[in-house]
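**Q** got a predicted model here, sequence first, then my questions.
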Amino acid sequence: MGVLQAGQRVPLSTLGVGQRLSVDIHCTLDGADLTAFGLQDGKLADDRYMVFFNQPRSPEGALELARQGVDTSFNVDLAALPTSITEIYFTATHDTQPIGGAGALSVKVGDATFDVKPHLKAEKAVMLIRLYRHADGWRLATVAQGFNGGLDALVRHFGGEVAEAEAAPAPAPTVNLHKERQRVLLEKAEREQPQLVSLIKTASVSLEKRGLADARYRVKLVLDISGSMQNEYRSGAVQALAERALALAARLDDDGEVEVYLFGIQAHRSGTLSLDNVAGFVDRLKVKLEGGTHYSPVMKMVREDAEKEGRELPCLVLFITDGGTSNPAVVVRQMTDAAAEPIFWKFMGIEEGRVNFDFLEKLDDLPGRVVDNADFFRVPAPIKIGDAELFDLLLNELDGWQRDAKAAGILRV
Amino acid sequence: MALSLQKGGNISLSKQDANLQRIIVGLGWDPRPTDGQAFDLDACAFLLNDGGKVRGDHDFIFYNQLRSTDGSVEHTGDNRTGDGDGDDEAIKINLTQVPAEIQRIAVSVTIDEADARRQNFGQVGGAFIRVVNEDNNQELTRFDLGEDFSTETAVIFGEIYRHGGEWKFRAVGQGYTGGLGPLARNYGVNV
């Protein structure tokens, strides 16, 4: 078949490939992201068919990122794709630079090649080729068109009605820079803390499931140091939770750091958790357990810090406790006042024996708040919950709060 | 209810409406969804004798020559981007005034500056041609070109032709690489 021109449409069968094929992309632009979008009639109806470095496989494996780098390969098994996927776009995007800046950019399928580069101008997101179902079998169309606005514009192009109908939160406009930092963090994790890489990827999937792939938050971790937490500290469960909080921060937070607070009777600022110090972090805290559980002082401290850090980014507070608070009336007042602030409170109750979580149980129904700014879930001790489930629980309701808080003017869009 | 045609299909316009006198041949396409130079598509019509040729260059109706000498065929003007719903460009034909020696009117679309802009019909989505009764705005027939072309820069969308005292429409969807020049020469226009 040889060389393909832009705008050409050819049956895949003429390219010397069958139902299983490889789409090979040669792109010399440093930092370019190559993504395959499995679409239903032009729209991204199912996020799991957005296959890229963070999600390298569709659920059944019909679409797979097999190789990354200057030479990127996607494996496609057309016969295994669900019928709801009617077309696949292969795209190149860059957060800051036009894709046309690549020294070379071409696509090879079977014995045909398509030189994309000559068609490009200022596009930061480019649709390279499209595979699509046709009455007489799959076809390939060469595209080489795109959007100067980059990934955001491309996703809008693919998103359209589905996202609008569900009133999904609009991605933050600075998503591209954010994404660049995410990538740096992931690379750093790969180099320095490889055990965190799969956690970060699992966190990404949970975020994407909730439409929060582009969400940005400061992540704060609040740890109970009441005496009854002793076992969790000893067993390493708290360290494990800290690592998961950090994995979330690597996706949500520009600097990928987590501010850590301890509370028992009193509240303590306990430094910042990052990729640099995560190993053995909780041990180094040398926690002195305290004989009580007072939520209010630490909540006040978190709110003050959030206020000082400014309202540009909302806060996600992961509040880990194994007991009910003393003086719940004060805490109720705190929660009610804090509802007007761009902070979402996620309470995780570690249940050892009989624990009175009455206050947390009632959080969802706490009246008098502008928006529902908190959620609670409980896990039995010792914690055995899987990571995917844990991230899902940690992010539950965050999307709803984000939407409500925006509508109420608490969150800036 | 207008009849949708497939490529190569034809329909009797006269049978659709026995009193048919004036029609609008409407052409449309989607504007370019991506960034870059807009798709500027230009419609044109060739008035052809029974040999399939124009009588002279005046039978080539396009943006620089909007009316035939007898006034039976009129191009309503240029749309530069494909924006807007409905027809992007239209050619009005008064069937009762078409000279007897004209057997066919071929309606084609070309892409302006296709080579310089590296554009072709494979990149253009949502292209259609339809025939509307101008007197009551009823759509008589329609042809969605969809998948039918690729790297061509000129396409004959359809033709209106005489057949045994009737006027018929055929969905052609025939592409020409090389653009307007070869297409026009094919019909005997000196370009």
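**A** Right, received. Where do you want to start?

**Q** residue contacts, the closest residue to chain A within chain B?
**A** Scanning chain B for the residue nearest chain A gives B:G122, at 2.9 Å (criterion: C-beta to the nearest C-beta). Where C-beta positions appear, they are placed from N, C-alpha and C, glycine not excepted. Residues counted as contacts of B:G122 (C-beta atoms under 8 Å, 6 or more residues apart in numbering or on different chains) are A:6-9, A:141-142, B:149-152.

**Q** nearest spatial neighbour of it, skipping sequence neighbours?
**A** With C-beta to C-beta, 6 or more residues apart in numbering or on different chains as the criterion, B:G122 has its nearest non-adjacent residue at 2.9 Å, and that residue is A:G7.

**Q** most neighbours out of the contacts of B:G122, which is it?
**A** A:T142 (27 neighbours; other C-beta atoms under 10 Å in any protein chain shown).

**Q** give the next helix or strand downstream of the helix or strand harbouring it.
**A** If you go by DSSP states H and E, A:T142 is part of strand A:139-147. Note on strand A:139-147: by DSSP H and E, the next helix or strand toward the C-terminus is helix A:151-159.

**Q** helices or strands up against that next one?
**A** Under the contact criterion of 3 or more C-beta pairs under 8 Å, 6 or more residues apart in numbering or on different chains; DSSP states H and E, helix A:151-159 touches strand A:33-39, strand A:87-93, strand A:125-132, strand A:139-147, helix A:175-192.

**Q** quick check: which of the ones you listed is nearest to chain B?
**A** strand A:139-147 (3.9 Å).

**Q** what angle sits between that closest one and helix A:151-159?
**A** Using axes from the mean of the first three to the mean of the last three C-alpha atoms, to 10 degrees, the inter-axis angle of strand A:139-147 relative to helix A:151-159 is 140 degrees.

**Q** is chain B contacted by strand A:139-147?
**A** Yes - residues of strand A:139-147 contacting chain B under C-beta under 8 Å from any C-beta of the partner chain: A:141-143, A:145-147.

**Q** between those residues, which is closest to A:K209?
**A** Proximity of these to A:K209 was ranked by C-beta to C-beta; the top entry is A:F147 with 25.5 Å.

**Q** gap between the closest residue to that closest one other than its chain neighbours and A:A125?
**A** Computed as C-beta to C-beta, 6+ apart, the closest residue to A:F147 that is not its neighbour in sequence is A:A153, at 3.5 Å. For A:A153, the distance to A:A125 equals 6 Å [C-beta to C-beta, to the nearest Å].

**Q** if I pick the most centrally placed residue in chain B, what's in contact with it?
**A** With distances taken as C-alpha atoms, centre = their mean, B:V107 lies nearest the centre of chain B, 2.6 Å away. Residues near B:V107 by C-beta under 8 Å, 6+ apart: B:25, B:27, B:43-45, B:91, B:129, B:156-160.

**Q** three-state assignment of it?
**A** At B:V107 the chain is in strand, as set by DSSP: H, G, I helix; E, B strand; the rest coil.

**Q** and A:K300, by the same measure?
**A** helix.

**Q** I figured it hits A:Q334, correct?
**A** Yes - counting by C-beta atoms under 8 Å, A:K300 does reach A:Q334; the two are 6.8 Å apart.

**Q** contact residues of chain A facing chain B?
**A** A:5-10, A:118-119, A:121-123, A:127, A:134, A:141-143, A:145-149, A:153, A:157.

**Q** number of nearby residues for A:L151?
**A** Other residues close to A:L151 by other C-beta under 10 Å number 21.

**Q** Throw the contacts of B:G122 into CSV and include secondary structure, distance to A:A408 and pLDDT, thanks.
**A** Below are the contacts of B:G122 laid out as CSV (DSSP: H, G, I helix; E, B strand; the rest coil; distance: C-beta to C-beta, whole Å; pLDDT from 0 to 100):
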residue, secondary structure, distance to A:A408, pLDDT
A:A6, coil, 47, 91
A:G7, coil, 48, 90
A:Q8, coil, 51, 91
A:R9, strand, 49, 90
A:A141, strand, 45, 94
A:T142, strand, 47, 95
B:F149, coil, 52, 76
B:S150, coil, 52, 82
B:T151, coil, 53, 87
B:E152, coil, 54, 90
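
**Q** return the member of the residues you listed nearest to A:I385.
**A** A:A141 (45.6 Å).

**Q** could you report the distance from A:G61 to A:V370?
**A** Distance from A:G61 to A:V370, by C-beta to C-beta: 45 Å.

**Q** which of those two has more neighbours?
**A** Set A:G61 next to A:V370 and count neighbours by other C-beta under 10 Å: A:V370 wins out with 15 against 10.

**Q** what helix or strand is that one on?
**A** Using DSSP H and E, A:V370 falls outside every helix and strand.

**Q** who's in contact with the residue nearest to it when sequence neighbours are not counted?
**A** Once flanking residues are discounted, A:V370 sits nearest to A:A339: 4.8 Å by C-beta to C-beta, 6+ apart. Counting by C-beta under 8 Å, 6+ apart, A:A339 makes contact with A:369-373.

**Q** at 10 Å what do you get?
**A** Residues near A:A339 by C-beta atoms under 10 Å, 6 or more residues apart in numbering or on different chains: A:345, A:366, A:368-374, A:401, A:404-405, A:408, A:410.

**Q** same question, A:E309
**A** A:218, A:220, A:259, A:315.

**Q** quick one on the thing from earlier: neighbour count: A:A153 and A:A125, which is higher?
**A** Neighbour comparison, A:A153 and A:A125: the larger count goes to A:A125, with 28 against 18 (by other C-beta under 10 Å).

**Q** what pairs with the more buried one across the strands?
**A** A:T93, A:F147 (DSSP bridges).

**Q** how about the helix or strand hosting A:N231: buried residues?
**A** Here A:N231 is covered by helix A:230-235, with elements defined by DSSP H and E. Within helix A:230-235, the residues that count as buried by 16 or more other C-beta atoms under 10 Å in any protein chain shown are A:232-233.

**Q** and what of stretch A:405-413?
**A** A:405-406, A:410-411.

**Q** neighbours of A:D399, how many?
**A** A:D399, neighbours per other C-beta under 10 Å, totals 18.

**Q** what are the ranges of the helices in the stretch 151-300 of chain A?
**A** A:151-159, A:161-165, A:175-192, A:194-209, A:230-235, A:237-252, A:281-284, A:295-309 (DSSP state H, counting those that start in this stretch).

**Q** and what of chain B?
**A** B:13-16, B:114-117, B:180-186 (DSSP state H).

**Q** who touches the second one?
**A** The contact list for helix B:114-117, computed with C-beta under 10 Å, 6+ apart, reads A:7, B:36-41, B:111, B:120-121, B:123, B:151-154, B:177-180.

**Q** could you give the average pLDDT over it?
**A** Across helix B:114-117, pLDDT averages out at 86.

**Q** kindly report the same for the last one.
**A** Mean pLDDT, computed over helix B:180-186, is 89.

**Q** list the buried residues for that helix?
**A** So for helix B:180-186, counting by 16+ other C-beta under 10 Å, buried means B:180, B:183-184.
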